[in-house]
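Chemist: Got a predicted model here, sequence first, then my questions.
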Amino acid sequence: MTLTLQALINGVLLSGIYILASSGLTLIFGVMGLINFAQGELIMLGAYLAYWAFEVLGVNAIAAIPVGFAVLFAAGVLMERTIIRPVVGASHLNQVLLTFGLAIVLQNAATLLWSADTRRVSAWYSEDGISFGQFSVGVGRLIAFGTAIAVTVALYFWLARSASGRRLRAVAQDPVGARIVGISPERINALTFGVGSGLAGVAGVLVSFTLTVYPTVGLPLSLKAYAIVVLGGLGSVFGAVAGSIVLGVTESLVDIWASPSWSQGVAFGVLILMLIIRPTGLFGSRRA
Amino acid sequence: MYTRRRRMLLLLALASTAAAVTAGASIAAGTSGERASSLPKVIKIGVILPLTGGQATSGQDEKRGFDLAVQEINKTGFGPNKTRFQIIYEDNQGDPNAAVQAAQRLVTQEKVAAILGESSSGTTAVTAGVCSQTNMLCILTGGSNIALQQQYGGQPWYWHMYPYGPTLAHTARVFFESQVKPRPKTMAIIYENSAFGTSFTEAFKQEFANSSIRIVDTESFTSGAADFSSVIAKIRQANADIVFFNSFPQDTILLWSQFRQANYAPPIMASASGASFPEFVSSLKSSANYATGIEVWVPTVTTKLGRAFVIAFSKMFKRLPTHWAAMTYTSLKLYEAALLKANSTDLAPVAKALKSVKMDSPMGVITFDKYHQALRTAVVFQIQHGSKIVLWPKALAQKGKKFVYPAPGWSKR
């Protein structure tokens, strides 16, 4: 029973990084209809940014969270304008090929620039744990989960209440109608890709002190984020949160009840099941 | 009817065997046709490594070892013709499919004289497979799965550097049984579930089957996993004296940090691969202290050639070498020595030369055994104040240094 409760706590905390990895992905798909296979590599760039800021400039990785968002937001807008825009509205196969190619380029560039060495932000918040009774949790995991929830709430209010958020939703619902009323879908796409990349940047900063940093660190996260997006429903931010928690907890329980060797397969088992039983996911709309 | 069908099948089998032999012979003839009877001015060799992907940490360090060796050798050249090496690097990305393609390309298109390198057991096995089919001489640095030796050991084209799992398991058992007082009673193993971790763990199970140290728990995971909290909770319940990690460096570092977060410090935490990499210490800082490592070589081994290699490597790359760099460096020097002795790049004379080679190297004096295995021992070290202190075998142990056991709690490291 203690083990199961510990697994539940671990699973919920693990979902923090999943939430941020999948929120950006689902936002980009929901508004732009773009399948972005380079989301994991944007996370990797965010992780390196935090690592170098910590190692070279001595910047606290937690303080680097807004920096991670801002830098990756700018990089995302630039990428959308130069690389992504030609495939927005193109077939999904073209999108997958382009973004997958981009992912490989970013991975190889990271290997060339920073070598394949495993790195890590080593600070008290990445090393220490908190024990209460028979249970223990890492401080870094707690910070990551809290950050993920705070960022998702902010994202929700931005989408629901702000003028730019409303414009973004308008383009997601009907790009032609939005253009008629004077909204530029191109600008909204750039904004969306920027925000999606910024969320990956925040996830990357969290990775730098909860996991390890190396050129391919984003790949497994990216694949899991896809499973989460399908589970929660394509284009639904709330679905991404729910999907992340479901996947994190399921993985942890599988670790305890079966073997961690199985937990990686669980994500894709869930993905296959959802595609068969409920292709729209838990919270996805029929249009998605 | 049945007999006729059997005859037809037999004929087909004979025909396909003949075709395969002819094809193999033509590839071999084509390759040896390129080879001169004495040493040419340039010898092209193929090197297959995981330069990108999850195992690139090992692959990049292997490349550094080759780069240093080739720089030293090519400075003056060797033999009467001042022969130089030209290395064709191929990236297998840690993927067996890519390794097959790389090996085939090196044999058929690049027409290399030999294939060197490799890292994981999975990719090493497929590269060895291509070398077997084409009779291509290979000196493989990677692959700890003993199945490789069982399948290819002693073949004239097959030469192997890295010790197989049983060697490291044996070293671990002898050290824990003879040097650790009071003797530990139980061990738990966490391993990644590819060929590397699985074969190592199997070797440990066999080695410790008749030991007074019992293996009480084994937990496997897929490399690249993000969370080990639940595994750590299970291992904690087993309450073993030794927790052993058979995992790649990035996984070992993450596991280690999550043991600390869980505030669980077993008396001995040991690793067969991860703790020997420089980033283990640079990433974990003081948490790395008192980690025990079983490895074929560490840069603190104080032999004369070992020191010279470490100095030259550090000067060239501004970092310390790992055992991977030492092995690739040594493998190229071995090949050079064999070529000089054979005065030919042909398989038979080079194999004959390798069989009798006895060469001093940064890793000690190297000879090949009857299975064509070069490195047959390992060292045990413990990280103390950020440095790898060699404790075993006694001949290489650093004087005045003792194994700290049980390891202090995390807050005292």
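Modeler: Great, that's in hand. Predicted model, so just to flag it, every value in this text is computed and none were measured. Numbers count the residues shown, from 1 in each chain, chains lettered A, B, ... in the order given.

Chemist: where does the stretch 1-150 of chain A dip in pLDDT?
Modeler: Within the stretch 1-150 of chain A, no stretch has pLDDT under 70.

Chemist: How about the contacts made by residue B:332?
Modeler: By CB atoms under 8 Å, 6 or more residues apart in numbering or on different chains, the residues touching residue B:332 are B:65-66, B:69-70, B:73, B:85, B:116. Just so you know, the C-beta spots here come from the backbone N, C-alpha and C atoms, and that holds for glycine as well.

Chemist: Now do the contacts for residue B:218.
Modeler: B:188-191, B:201, B:205.

Chemist: Check which element follows the helix or strand hosting it along the chain.
Modeler: Per DSSP states H and E, residue B:218 falls inside strand B:214-221. Once strand B:214-221 ends, the next helix or strand along the chain (criterion: DSSP H and E) is helix B:229-238.

Chemist: Roughly how far does the closest residue to chain A within the stretch 1-150 of chain B sit from residue A:219?
Modeler: Ranked by CB to the nearest CB, the top residue of the stretch 1-150 of chain B for proximity to chain A is residue B:56, at 3.1 Å. Residue B:56 sits at a distance of 13 Å from residue A:219 (criterion: CB to CB, to the nearest Å).

Chemist: Could you list the low-pLDDT ranges of the stretch 151-288 of chain A?
Modeler: If you take pLDDT under 70 as the line, the stretch 151-288 of chain A has these spans: A:284-288.

Chemist: Which parts of chain A are strands?
Modeler: A:129-132, A:135-138 (DSSP state E).

Chemist: Could you export these as JSON lines, including distance to chain B and mean neighbour count?
Modeler: Formatted as JSON lines, the strands of chain A follow (distance: least, CB to the nearest CB, whole Å; neighbours: other CB atoms under 10 Å in any protein chain shown):
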{"stretch": "strand A:129-132", "distance to chain B": "4", "mean neighbour count": "14"}
{"stretch": "strand A:135-138", "distance to chain B": "3", "mean neighbour count": "20"}
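
Chemist: residues from the stretch 1-150 of chain A in reach of chain B?
Modeler: A:3, A:6-7, A:10, A:14, A:17, A:107-108, A:111, A:115-120, A:122, A:126-129, A:131, A:136-141 (CB under 8 Å from any CB of the partner chain).

Chemist: From the rest of the structure, what touches stretch B:405-413?
Modeler: So stretch B:405-413 is contacted by A:127, B:180-181, B:260, B:263, B:265-269, B:286-287, B:289-290 (CB under 8 Å, 6+ apart).

Chemist: Tell me which of the residues you listed fall in helices.
Modeler: Members of the contacts of stretch B:405-413 lying in helices (criterion: DSSP state H): A:127, B:260.

Chemist: among the contacts of stretch B:405-413, which ones are buried?
Modeler: Buried members of these, counted by 16 or more other CB atoms under 10 Å in any protein chain shown: A:127, B:180, B:260, B:263, B:265-266, B:268-269, B:286-287, B:289-290.

Chemist: Out of those residues, which two are the most distant from each other?
Modeler: Taking every pair in the buried ones among the contacts of stretch B:405-413 and measuring CB to CB, the maximum separation is 26.6 Å, between A:127 and B:180.

Chemist: Now the longest helix anywhere in chain A: buried residues?
Modeler: Counting residues, the longest helix found in chain A (DSSP H) is helix A:2-32. Within helix A:2-32, the residues scored as buried using 16+ other CB under 10 Å are A:3, A:6-32.

Chemist: Likewise for stretch B:143-157?
Modeler: Neighbour-count burial for stretch B:143-157, with 16+ other CB under 10 Å as criterion, is recorded at B:143-146, B:148-149, B:152-153, B:155, B:157.

Chemist: And those, which two are furthest apart?
Modeler: Farthest pair in the buried residues of stretch B:143-157, by CB to CB: B:144 and B:157, 20.0 Å.

Chemist: Can you show me the strands along the stretch 101-250 of chain B?
Modeler: B:114-117, B:138-140, B:158-160, B:186-192, B:214-221, B:242-246 (DSSP state E, counting those that start in this stretch).

Chemist: Pull the distance from the fourth one to the chain's centre.
Modeler: Read it as strand B:186-192. Its chain's C-alpha centre and that of strand B:186-192 lie 20 Å apart, by CA atoms, centre = their mean, to the nearest Å.

Chemist: How about the second one?
Modeler: Centroid displacement of strand B:138-140 relative to its chain, using CA atoms, centre = their mean, is 11 Å.

Chemist: just the last one next, same as before
Modeler: On the basis of CA atoms, centre = their mean, the separation between the geometric centre of strand B:242-246 and that of its chain is 19 Å.

Chemist: can you check the third one too?
Modeler: Mean C-alpha position of strand B:158-160 versus that of the full chain (CA atoms, centre = their mean) differs by 12 Å.

Chemist: Give me the mean pLDDT for it.
Modeler: Across strand B:158-160, pLDDT averages out at 98.

Chemist: Check what contacts that strand and list those residues.
Modeler: Contact partners of strand B:158-160, identified using CB under 8 Å, 6+ apart, comprise B:128, B:131-132, B:137-140, B:143, B:148-149, B:152-153, B:334, B:354, B:368, B:371-374.

Chemist: Give me the buried entries from the residues you listed.
Modeler: Buried subset of the contacts of strand B:158-160 (neighbour count, 16+ other CB under 10 Å): B:128, B:131-132, B:137-140, B:143, B:148-149, B:152-153, B:334, B:354, B:368, B:371-374.

Chemist: how long is stretch B:388-403 end to end?
Modeler: End-to-end span of stretch B:388-403 (CA to CA, to the nearest Å): 11 Å.

Chemist: ok, now stretch B:151-165?
Modeler: For stretch B:151-165, the first-to-last residue distance is 15 Å (CA to CA).

Chemist: roughly how far is it from the heart of the chain?
Modeler: 11 Å.

Chemist: Show the contacting residues for residue B:92.
Modeler: Residues in contact with residue B:92 (CB under 8 Å, 6+ apart) are B:48-50, B:98-99, B:102, B:118, B:123, B:127.

Chemist: no, scratch that, I was asking about residue B:88
Modeler: Residue B:88 touches B:44-47, B:106, B:110, B:112, counting by CB under 8 Å, 6+ apart.

Chemist: are any of the residues you listed buried, and which?
Modeler: B:44-47, B:106, B:112.

Chemist: can you pull the contacts of residue 198?
Modeler: This is for chain A. Residue A:198 neighbours (CB under 8 Å, 6+ apart): A:24, A:68-70, A:72-73, A:76.

Chemist: right idea, wrong chain: chain B
Modeler: B:191, B:220.

Chemist: so how far is residue B:249 from it?
Modeler: Counting by CB to CB, the gap from residue B:198 to residue B:249 is 18 Å.

Chemist: before we move on, what about residue B:311?
Modeler: Counting by CB to CB - residue B:311 and residue B:249 are separated by 24 Å.

Chemist: mind putting the contacts of residue B:332 in a markdown table, pLDDT and distance to chain A included?
Modeler: As requested, those are exported to a markdown table (pLDDT from 0 to 100; distance: CB to the nearest CB, whole Å):
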| residue | pLDDT | distance to chain A |
| --- | --- | --- |
| B:65 | 98 | 15 |
| B:66 | 98 | 16 |
| B:69 | 98 | 20 |
| B:70 | 98 | 20 |
| B:73 | 98 | 24 |
| B:85 | 98 | 24 |
| B:116 | 98 | 20 |
